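Trainee: Please work out how this folds:
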Amino acid sequence: MLCNVATVSVFEAYGCTTSSIEDQISLGKSIIDMYAKGQWNKDWAVITELVRAESGTILISAARNAKLELSVSASLASAGFNLADASLGLGIEFMSNMHTKTIAEPKQSLTPLFKARRLKSTKPLNSIFAARHILAMDIEAPATGKGDLYFGDISFDMSQAEVGVQVE
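Mentor: Residues are numbered from 1 along each chain as shown. From the prediction side, this is the model:
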């Protein structure tokens with residue numbers, strides 16, 4: 001893989017299963033009530049759905065000139081192959097300017113995808129707040145916001161963020 005574009009991503013997962021919270025409407029109502037009572041932090045989120053994979057390969061370049069060379073220990077069928085197949089015995093031979101590199105390995109399950117929800121507000125904001133990246137929830141108060149709140153999906157714009165995960 002030789003990249004001549006700003007960012008290239010490769011994602012393949014094998015043996016996927018999903019699990020999710022069944023009654024998300026009731027969960028959202030409970031969270032809004034807890035927020036109104038001062039028992040929920042507006043910055044908290046709930047993971048409502050998980051995708052688990054038996055194995056997977058995730059590659060993300062870090063620069064325009066990223067390069068990755070893989071080796072395969074199994075024989076490949078002429079019809080193609082799945083990069084997420086751990087039985088291929090993939091190995092990294094050479095790598096340059098790669099941000100993320102997760103290569104399928106035997107007995108290496110992963111949780112590559114999730115869906116999260118958090119409190120959001122329907123209050124309109126003027127452009128001065130938007131220009132400063134201030135959300136309606138940032139100026140919401142527990143005592144006054146209950147009518148304007150909802151439990152909504154969190155979206156993620158890769159062009160506006162650094163790739164990475166922080167665990168506390």
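Trainee: Now do the contacts for the closest residue to residue 91 other than its chain neighbours.
Mentor: Distance criterion C-beta to C-beta, 6 or more residues apart in numbering; nearest residue to residue 91, sequence neighbours excluded, is residue 71 at 4.5 Å. Heads up, the C-betas are built off the backbone N, CA and C, glycines and all. Going by C-beta atoms under 8 Å, 6 or more residues apart in numbering, residue 71 touches 90-93.
Trainee: Tell me where the chain has helices.
Mentor: 24-36, 127-131 (DSSP state H).
Trainee: is it possible to export those to a markdown table including distance to residue 115 and mean pLDDT?
Mentor: As requested, these are exported to a markdown table (distance: least, C-beta to C-beta, whole Å; pLDDT from 0 to 100):
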| stretch | distance to residue 115 | mean pLDDT |
| --- | --- | --- |
| helix 24-36 | 10 | 92 |
| helix 127-131 | 25 | 62 |
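Trainee: do you know which of those lies nearest residue 82?
Mentor: The minimum distance between residue 82 and the helices of the chain falls on helix 24-36, with 32.1 Å, by C-beta to C-beta.
Trainee: which other helices and strands contact the closest one?
Mentor: Packing partners of helix 24-36 (3 or more C-beta pairs under 8 Å, 6 or more residues apart in numbering; DSSP states H and E): strand 45-53, strand 110-121, strand 149-153.
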